[in-house]
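*Asks:* dropping the sequence and predicted coords here.
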Amino acid sequence: MQSAIVFSYPYFPTPENAENFPLQNLRIAAYAKNTDYHYWIKEKLQDIITSLQKLHPDQLFLAAVDSSPILERDLAARAGLGWFGKNTCLIHPKKGSLFFICEILTSLKIENKIEALPDFCGTCTKCMDICPTQALEKPKVLNANKCISYWTIESRKIPPIELRSQIGDWFFGCDLCQTICPWNQKVFKSKLSISLNTDLFLKLDAEESLQLESELRLILTSSGKALQKMFAITPLQRSGSFGLRRNALIVIANRKILSLESEVKKFLQDPKLGELAQWTLQKLYS
Ligand code: B12
Ligand code: SF4
Ligand code: SF4
C-alpha cells in the first residue's frame, strides 16, 4: 500500500439508535451508545471504495478502522484532521475530538499537500487535572494501566484496589478528559454536560436513580447468553459478561447502592468476581 485516505467521523451527538440503546442511565462513553462503529464505518468506507475502484480498476483499496495495526492518530494528524492534544486525542478546532478516525489504504500514490494543524492546547491542562486516576502522566502521555477506559473496556482482569474508587460511576469507557476540553465545550456548547463536583458522579434525580438500579440489577442477574444478546452489535459486547458484571459491581460500590446487596452477595463464591464482590459489600457499609 502506498497511501492512506484518512477520515474523521463524528460520534456525538449520537447519530442513530441512541434511544433504542438498552442502557439509558448507566454512565457510558458517548461513542459506545450506538451500534458498534466497526460495522457501520466499514460499510461507509466500502461505498467510497466502490466508487474509487470504478475510477481506478487496477489499484487496491482496503477499509480500516481501529482494526489494523495502524497509528491512526498519527495518520490523521498528518492528514490535517487535528492536533494531538495533551489528553492524547486528536482535536480539530472546529470539530472538537468526539470523532472516530478511519482510513482507506490504497496502492494509489497520492501526494499529500495538506499541512498538519498546529497544537492549540497552549497552557491549558484541564484534561490532566480532571483525570480521576492521573492516567495522563505528562502532556500527551497516557498510562493505559491507569485509564478507566482501559479498565472498563479492554481489560479482562479486576482493577487494582487503589483504582476502584476512582472509577466512580463509569460503567463503560470514560469521557472526562474530552468533555472538559475547551475545544469540545466550544463546539458542542450546552450539549456536553460535565459534573464538576469533586466526586465526579453523574447527578441523577430519584426516577433516574431507580432506573440506574434496575439496569445494574439486569446486568448482575442476566445469564451470559442474555447479556450477549442484549449487547450484540454494540461496543459493550467487547467486555463480555465478565467485564459487564465487574463494571456493575464497581459502580454499585462507588454509588453505594444498598438495595442491590443481595444481588452482589450471589457473586461471593464466583471464582473470578468473588474478591470484587467482597470489596463491594465492604464499600456499601463503609
Ligand atoms: C490502544 C487504544 C486505546 C488505549 C490507550 C489509548 C492511548 N491514548 O494510548 C485505551 C484503551 C486507554 C484507549 C482509550 C480511548 N480511546 Co482508544 N485507541 C487505542 C488504539 C486501538 C491504539 C492506539 C495506540 O496505542 N497505538 C499505538 C501507539 C504507539 O500509538 P499512538 O499512541 O497513537 O502513538 C503516537 C503518539 O504518541 C503520537 N504523538 C503525536 N504527537 C506527540 C507528541 C508527544 C510529545 C508525544 C509524547 C507523542 C505524540 O505519536 C505516536 C506515533 O504516531 C487506537 C486505534 C489505532 N489503531 O490507532 C484507538 C483510538 C486512539 N481510541 C480512540 C478513542 C475514541 C478512545 C476513547 C475516547 C474511548 C472512550 N471514550 O473511552 C479513550 C480515550 C482515552 C485517551 N485519553 O486517549 C480513537 C481516538 C479518536 C481521536 N479523536 O483521537 C482511536 C483513534 C480509535 C478510532 N479509530 O477512532 N484507547
Ligand atoms: S479517559 Fe478518563 S481515565 Fe482515561 S485519561 Fe481520560 S479522564 Fe483519565
Ligand atoms: S483540555 Fe486543554 S490541554 Fe487538554 S487536550 Fe483540551 S485544550 Fe489540550
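*Replies:* Cool, got the structure. Ligands and ions are numbered 1, 2, ... in the order given.

*Asks:* interface residues of the chain facing ligand 2?
*Replies:* The chain comes close to ligand 2 at residues 87, 131, 133, 135-136, 142, 147-149, 174, 176-177, as judged by C-beta under 6 Å from any ligand atom. All C-beta atoms are positioned from the backbone trio N, CA, C, and that covers glycine.

*Asks:* present the residues you listed as JSON lines; the columns should include pLDDT, neighbour count and distance to Asp205.
*Replies:* Shown next, in JSON lines, are the residues of the chain next to ligand 2 (pLDDT from 0 to 100; neighbours: other C-beta atoms under 10 Å; distance: C-beta to C-beta, whole Å):
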{"residue": "Asn87", "pLDDT": "98", "neighbour count": "26", "distance to Asp205": "30"}
{"residue": "Cys131", "pLDDT": "96", "neighbour count": "21", "distance to Asp205": "27"}
{"residue": "Thr133", "pLDDT": "97", "neighbour count": "21", "distance to Asp205": "28"}
{"residue": "Ala135", "pLDDT": "98", "neighbour count": "24", "distance to Asp205": "31"}
{"residue": "Leu136", "pLDDT": "98", "neighbour count": "23", "distance to Asp205": "32"}
{"residue": "Leu142", "pLDDT": "98", "neighbour count": "20", "distance to Asp205": "34"}
{"residue": "Cys147", "pLDDT": "98", "neighbour count": "22", "distance to Asp205": "30"}
{"residue": "Ile148", "pLDDT": "98", "neighbour count": "26", "distance to Asp205": "24"}
{"residue": "Ser149", "pLDDT": "98", "neighbour count": "19", "distance to Asp205": "27"}
{"residue": "Cys174", "pLDDT": "96", "neighbour count": "25", "distance to Asp205": "23"}
{"residue": "Leu176", "pLDDT": "94", "neighbour count": "22", "distance to Asp205": "22"}
{"residue": "Cys177", "pLDDT": "96", "neighbour count": "27", "distance to Asp205": "27"}
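
*Asks:* could you give the mean pLDDT of stretch 243-253?
*Replies:* Here stretch 243-253 scores 98 as its mean pLDDT.

*Asks:* what ranges do the strands span in the stretch 151-286 of the chain?
*Replies:* Assigned by DSSP state E, counting those that start in this stretch, the stretch 151-286 of the chain shows strands spanning 170-172.

*Asks:* nearest to ligand 1: which residue in it?
*Replies:* Gly173 (3.0 Å; C-beta to the nearest ligand atom).

*Asks:* excluding its backbone neighbours, what's nearest Ile252?
*Replies:* Leu260 (5.1 Å; C-beta to C-beta, 6 or more residues apart in numbering).

*Asks:* correct me, but that neighbour touches Ser214?
*Replies:* No: the pair Leu260 / Ser214 is not scored as a contact, 9.8 Å apart, by C-beta atoms under 8 Å.

*Asks:* neighbour count winner among these two?
*Replies:* Leu260 (23 against 12; other C-beta atoms under 10 Å).
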